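[1] My questions are about this predicted structure, shown below with the sequence.
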Amino acid sequence: MHSIYLNLGCADHQRQGFFNIDLDAPGADLHLEQGKALPWERGTVPGIYSAHLLERLGRNQGIRLLHECRRVLQPGGVIRLVTTDLKALIDDYLSDRPDPSAPGVSRGERFNNALRQQAWIYDEAELTRICKMIGLEPLANTAPGASSDPALSGLESDAPGQLVLEFRKPLRQLAAGDEPLVSIVMPTYKTQHLHQALESALNQTYRNLEILVCDDCPTDAIEAITAEYGKFDPRIRYVRNPDAGKDIGRLNHVLCMNEARGEFIKFLNDDDLLDPECVERMIKSFSDYPDITLVTSKRQRIDQYDAPLADIAATQAPVAADSMIEGLSLGTALMLSQINFVGEPSTVMFRREDMIEVTPDFMSVDEQPIAWASDVAIFLNLALKGNTVYLVQPLSSFRIHGEQCQVLYGAAAQGESRRCWEIMRSFWARHEFDKPL
């Protein structure tokens, strides 16, 4: 089907120049089947207008429909949402304003009637939170009838009790030749392999970098090493973690995110290595593929002496060639397998702005910090907002040795690990992201 504006929830207000869609309206061009994908290809729809359809759908059905809208929208495309305002309903009830059109109807009766006419009602904060969670960016509040897209202007009346919000699909694809700043962020604690890790960052073929070293070590050894390298390369920046050693590195990872200045984040643990072309290949993926939020690659396990180790289930490539994996499919595969085939933090790259507003920090799901498998928490949040590119060439080396947190604390943390995986699985299933359309 060719590109055209969509009118979701047209009822008996079919609009010329729009493809009119409704649940059951006789004159609609298409009847929306809940649980079915919209019949448009990714990135082909310039704009969507939806008036009073969301409240007719259950919460999960509404979220999945919004996710579908983000999928079919062109980069930069706008969706304008008009729905009953939960806050206005509650304010009307609390103020006990009389309704001249319904004499004798009490405020309690009006409130219950309003609730029974809807399947789910949103306020501004909740609808904005959901849209941001699935990768739509809010636009400035617009007055009724006034849209940032002229084609979506003048379509609704200034009716009381109505919530009108607009969101845009981000422009994610880099233009060919763009060289944005990439932050290679290093949450450091140990010095044994730090020289090699730093040199693998400094030797990247992609040069527009900052190399941010966040120090969690109880001594000044890391500061001294960083200062020595910094004499010869101004791209290195050192930050001391004021809460060093309090939480096995979590606060240091958060410090890396907060202090980074680059558009893109590339983690590098102090004992891991990057292939010289790692950043260049991953930045190219953000140019080659539209609507992606995460790039990862196969990684090579190595021992403390740099010798390669055999693959395990988690390090085997899930695809045979470089591929784009749809976000919800990636998240569902992670939740079903409980195997982190995406990789450790040193393996991936993503945009800082896609994760910086996750609360209470970027290693959280459902507003709950994930202490173990925190990298999977990052991937789930990114999977909701866009797709993932997997590169089959190993672009990082993940070191296995006896001083790793996974080795030192793994057995003692098995219960915590199970709890964290359960939080993530529950979140994914509760929103029905695991159900195919």
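    Cool, the structure landed.

[2] Show the end-to-end separation of stretch 152-169, please.
    15 Å (C-alpha to C-alpha, to the nearest Å).

[3] now stretch 258-270
    19 Å.

[4] With stretch 296-315 instead?
    Across stretch 296-315, first to last residue, C-alpha to C-alpha, it's 12 Å.

[5] So which bits of it are buried?
    296, 297, 298, 299, 300, 301, 302, 315 (16 or more other C-beta atoms under 10 Å). (C-beta placed from N, C-alpha, C; glycine too.)

[6] Of the residues you listed, just say which sits nearest to residue 154.
    Of all the buried residues of stretch 296-315, residue 296 has the smallest distance to residue 154: 44.8 Å, by C-beta to C-beta.

[7] host element of the closest one?
    strand 292-302 (DSSP states H and E).

[8] ok, now residue 88?
    Short version, using DSSP H and E: residue 88 is in helix 86-95.

[9] buried sites along the next helix or strand after that helix?
    Following helix 86-95 in sequence order, the next helix or strand is helix 107-116 (DSSP H and E). Neighbour-count burial for helix 107-116 flags 110, 114 (criterion: 16+ other C-beta under 10 Å).

[10] Mind checking what helix or strand follows helix 107-116 in sequence?
    helix 124-133.

[11] For the next helix or strand after that following helix, the averaged confidence score.
    With elements assigned by DSSP H and E, the helix or strand that comes after helix 124-133 is strand 137-138. Average pLDDT, strand 137-138: 97.

[12] other SSEs contacting the strand holding residue 296?
    helix 278-288, strand 349-351, helix 374-385, strand 387-399 (3 or more C-beta pairs under 8 Å, 6 or more residues apart in numbering; DSSP states H and E).

[13] Would you indicate which residues of the first one are buried?
    For helix 278-288, burial by neighbour count (16+ other C-beta under 10 Å) applies to 278, 279, 280, 281, 282, 283, 284, 285, 286.

[14] hmm, which two among these are most spread apart?
    278 and 286, at 13.4 Å, using C-beta to C-beta across those.

[15] per the record, what domains does the chain have?
    Here the domain assignment for the chain is 5-168, 182-430, based on automatic domain parsing.

[16] Need the distance between the two termini of the longest one.
    Domain 182-430 has an end-to-end distance of 35 Å (C-alpha to C-alpha).

[17] Ok, stretch 52-62 next?
    Length of stretch 52-62, first residue to last, C-alpha to C-alpha: 11 Å.

[18] what's the closest of the domains of the chain to residue 175?
    Closest among those, using C-beta to C-beta: domain 182-430, at 7.1 Å.

[19] How far away from the center of its chain is that closest one?
    15 Å (C-alpha atoms, centre = their mean, to the nearest Å).
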